[in-house]
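# A predicted structure for the sequence below; I have some questions about it.
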There are 2 protein chains.
Amino acid sequence: MNAIGERLLQALGTDAVRTEPEDLAVYAFDAYSEDRLPSAAVLPNSVREVTQTVRIATECGEPIVPRGAGTGLCGGAVPTRGGVVVSFARMNRILELDVPNRRARVQPGLINLDLSRATASEGLFYAPDPSSQKISMLGGNVGTNAGGPHCLSYGTTVNHVLGLEFVDSDGEVVHVAQDEAGYDLTGLLVGSEGTLGIVTAIDVRLMRLPEAVRVCVAVFGDVESASEAVSQIIGAGIVPIALEIMDKVITGAVEAAFHAGYPQEAGAVLLVEIAGLQEDMDAGEAALATIARKCGAISWRAAKSQAERDLLWAARKGAAGAVGRIAPNYYIQDCTVPRTKLPQAIHQVAAVARAHGLEVGNVFHAGDGNLHPLIMFDRREKRQVQAVIDAGSEILEACIALGGTISGEHGIGYEKRETLSRIFSADDLATMARVRDAIDPARRFNPDKIFPSGASCGEVRRVPA
Amino acid sequence: MNAIGERLLQALGTDAVRTEPEDLAVYAFDAYSEDRLPSAAVLPNSVREVTQTVRIATECGEPIVPRGAGTGLCGGAVPTRGGVVVSFARMNRILELDVPNRRARVQPGLINLDLSRATASEGLFYAPDPSSQKISMLGGNVGTNAGGPHCLSYGTTVNHVLGLEFVDSDGEVVHVAQDEAGYDLTGLLVGSEGTLGIVTAIDVRLMRLPEAVRVCVAVFGDVESASEAVSQIIGAGIVPIALEIMDKVITGAVEAAFHAGYPQEAGAVLLVEIAGLQEDMDAGEAALATIARKCGAISWRAAKSQAERDLLWAARKGAAGAVGRIAPNYYIQDCTVPRTKLPQAIHQVAAVARAHGLEVGNVFHAGDGNLHPLIMFDRREKRQVQAVIDAGSEILEACIALGGTISGEHGIGYEKRETLSRIFSADDLATMARVRDAIDPARRFNPDKIFPSGASCGEVRRVPA
């Protein structure tokens, strides 16, 4: 056994520490194509066990990689340099629920959907709803500033986190709060992908469940006309709580898996949800349906029951898994363009896939201009793997050229770090790197993530004026 | 003339630089009780002039204090160590207006209200609306993360800033963006009170003007019953876009100045605004009026015209100025408590004022639990000045004891910096200080602000574990 494994076992006991390769294998990867075994994995039960882990790792000079459910798409949770993975599977409780002030304090291992389930009887819910919400953890959601279909109206994770407790690289417990005073380090920690510290408690805002919701499905001949409907809906000053598009490939896969009633022959499906007072639902739906028809919708229908609404959403959120039925492996890219550029972006995604001989399906948070091309491949064919990685980069470049950016809601991780310098100047990156180096000078937390190789204070050279 | 004045004049010319004491006097103070003349003041016309100023100040070893309209309450814009004040009075333009994507890029000297005025014809507005919005500048609003009556529903400045351009302590231009990728330094810069850099451009979110608004006035016998109505309104799941209370003292002063129709004999006035679809206004008002009456409202009325609504708001936002009619000077405190603790907080404010022999009026963003006690005094009486400062601190302590915090929307500045350690631990403060020292290692930008004296990396000692 390696030295750090031994020290961790001594301090925390066999129940909390894994050191055998067969046990460590599950901590080696996320949904990206890289994987690497850590030296050890810790499953802490308490903040104290987290601080002990950090101190031991620091003394051993080993990196520390915090891990939620490992549903990330870009290698953010992969221990690329080995070291200790800290999994939050056991720190999964709601610590405090404050109904009158609509907030909760939770542990980072709490599964996203479990929070909404636990608060539904109080008429409350937690708004950010990544498609992975049945399994992904709030700690991971905080790390990537996770989004989801309903972020169109509610905003992403950063808009719902009021404060954090985290363990810094000295093993000290630090608290930051968005609504107190001083620097707002909450917003800095959210989306920092575990590079600044290990979050051990999260104060979240809860929202009141709307009195009524309505979920509608519009069918279009092609993605362009569905996208045009999205632009016109937003342009008309209507902000539904979700506006999602699936193309023919994805709709076919989803329908085969879920039988939710999405028409398989459709060129594109638009899923729209509105929420508010019961008495406003009919007028709201009518306004949306009128715009959809003007943009060429072939059909329009509203789900008639909670069960039907749930099924439509389960199918939409299960899109990635459903693609597993039609291809051995898939790769999901996550990038954004201004909403009005969606049709162009979809054309370019298709062109990139065609050039590499790959099949691609598209599912996207259309209201936010957030694309999720799913490229299908077979991991056993080395050439295809490389083609997929190349196609992923080319899609990012296409989005940047259209005025978009390289991540909508899944972070930068390992995959996209070199691309970050396409968005930010050397001075911009140097400023971020200074902040990182101020809080984690040894870059012990999740190394190789977010920043291009070489982006530390000393390494990124500023051009002298 | 001092050395830095000479160098600035040489580089930027007489039009942009002030060095004479009589010209500098206007840059010596804000609404707090401290003042100090700077060595020089610069009124840049361009980002380039800002970078030049920063470089010259750095070479001369002088501090740099950015300044908006100087409406801050806690000494944030006071050049406590002299140095160069950079006033943004001339950089006051809208650089870009992107109506389809509802965003604008503006210069920091743009007056808050001018942005909403300039975009009203497009059906848009900028939501944060501090009472100072007729004169305060967006750069200053960013520095303090300014709020306002309508932040109850719309959130504070940080929720409306999408990105920033700033000049760092090396004189380099850095851009940060909330919706791009990498660390979200936007949220860090907002509310950092000029201690991290000088903001030179702001990307803001604009909102669509609601179809209909309704402003109502409820009259209560005392502040307790008005506060109870606020708690019950929020508890019922209704979030008006504003919920403001004025006590008898403030209502009297406001009415004498504005003749807006607020009843002077009332123990407390509740101002409520709702917004949405025209057809929902009657039902919305009825729900609010029912709750108000249940809590003991003596009367309820809705403004009948835009002119009447405007007058009610002008009077409310002019409350501080109106107090000038009844006292030679006033001091405004800014602090928060959980909404349900408002009656207790008001009692304690009264007790503190009584103990010091001072008269106090209260106007507050009740929906947010954000108090603004106005203490009246006469600056010519030294003993009264000290009593006011002491009363201000005691009010902060009372709010902390009730579970609140020391700033609602005006920042920490110079006045409250020692109090910050009542909210954050030494480890918390050390983390903030590390971030500051990473970005501005020489603490050239707005020294003496936010942090308790001694709160730098080296000076705040961590307790060894």
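Yep, it's here.
# not counting its neighbours along the chain, what's nearest the residue of the stretch 301-450 of chain A at minimum distance from chain B?
The nearest approach of the stretch 301-450 of chain A to chain B comes at residue A:438, 3.3 Å away (C-beta to the nearest C-beta). (C-beta placed from N, C-alpha, C; glycine too.) Leaving aside its sequence neighbours, residue A:438 sits nearest to residue B:438 (C-beta to C-beta, 6 or more residues apart in numbering or on different chains; 3.3 Å).
# ok, residue A:174 - contacts?
Contacts were defined as C-beta atoms under 8 Å, 6 or more residues apart in numbering or on different chains; by that measure residue A:174 touches A:165-168, A:197, B:425, B:427-428, B:431.
# test for you: state the pLDDT assigned to it.
Residue A:174 is assigned a predicted lDDT (pLDDT) of 94.
# count of neighbours near residue A:281?
17 (other C-beta atoms under 10 Å in any protein chain shown).
# quick check: the residue nearest to residue A:438 is in a strand.
No - in this structure, residue B:438 is helix, not part of a strand, as judged by DSSP: H, G, I helix; E, B strand; the rest coil.
# that one and residue A:437 touch, don't they?
Yes - using C-beta atoms under 8 Å, residue B:438 makes contact with residue A:437 at a distance of 6.6 Å.
# those two - which one has more neighbours?
The neighbour count for residue B:438 versus residue A:437, taken as other C-beta under 10 Å, is higher for residue B:438 (20 against 16).
# mind listing what the more buried one touches?
Taking C-beta under 8 Å, 6+ apart as the definition of contact, the neighbours of residue B:438 are A:434-435, A:437-438.
# need those residues in a markdown table (columns: pLDDT).
Formatted as a markdown table, the contacts of residue B:438 follow (pLDDT from 0 to 100):
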| residue | pLDDT |
| --- | --- |
| A:434 | 92 |
| A:435 | 94 |
| A:437 | 92 |
| A:438 | 92 |
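# now for these: which two are most distant?
A:435 and A:437 (7.4 Å; C-beta to C-beta).
# SS state for whatever residue of the stretch 51-200 of chain A ends up closest to chain B?
Per C-beta to the nearest C-beta, residue A:187 is where the stretch 51-200 of chain A lies closest to chain B, at 2.6 Å. When classified by three-state DSSP, residue A:187 comes out as helix.
# surely it touches residue A:158?
Yes - under the criterion of C-beta under 8 Å, residue A:187 makes contact with residue A:158 at 5.7 Å.
# please identify every residue contacting each of the two.
The contact sets of residue A:187 and residue A:158 overlap at B:184, B:187 (C-beta under 8 Å, 6+ apart).
# more crowded one of these two?
Taking neighbours as other C-beta under 10 Å, residue A:187 and residue A:158 compare with residue A:187 leading, 26 against 23.
# ok, the nearest residue to that one once chain neighbours are set aside - contacts?
Computed as C-beta to C-beta, 6+ apart, the closest residue to residue A:187 that is not its neighbour in sequence is residue B:187, at 2.6 Å. Contact criterion C-beta under 8 Å, 6+ apart gives A:158, A:184, A:186-188, B:158, B:178 as the residues in contact with residue B:187.
# ok, 10 Å please
Taking C-beta atoms under 10 Å, 6 or more residues apart in numbering or on different chains as the criterion, residue B:187 is in contact with A:158, A:178, A:183-191, B:145, B:158-159, B:161, B:176, B:178.
# quick one: which of those residues sit in helices?
A:185-189 (DSSP state H).
# of those, closest to residue B:79?
residue A:185 (26.7 Å).
# what about residue A:219, neighbour count?
Here the count is done by other C-beta under 10 Å, and residue A:219 has 20 residues near it.
# over to residue A:317?
Applying the criterion other C-beta under 10 Å, we find 21 residues in the vicinity of residue A:317.
# correct me, but it touches residue A:71?
No - no contact is recorded between residue A:317 and residue A:71 when judged using C-beta atoms under 10 Å, the distance being 11.9 Å.
# list the residues that contact both of these two?
Applying C-beta under 10 Å, 6+ apart, one finds that residue A:317 and residue A:71 are jointly contacted by A:130-134.
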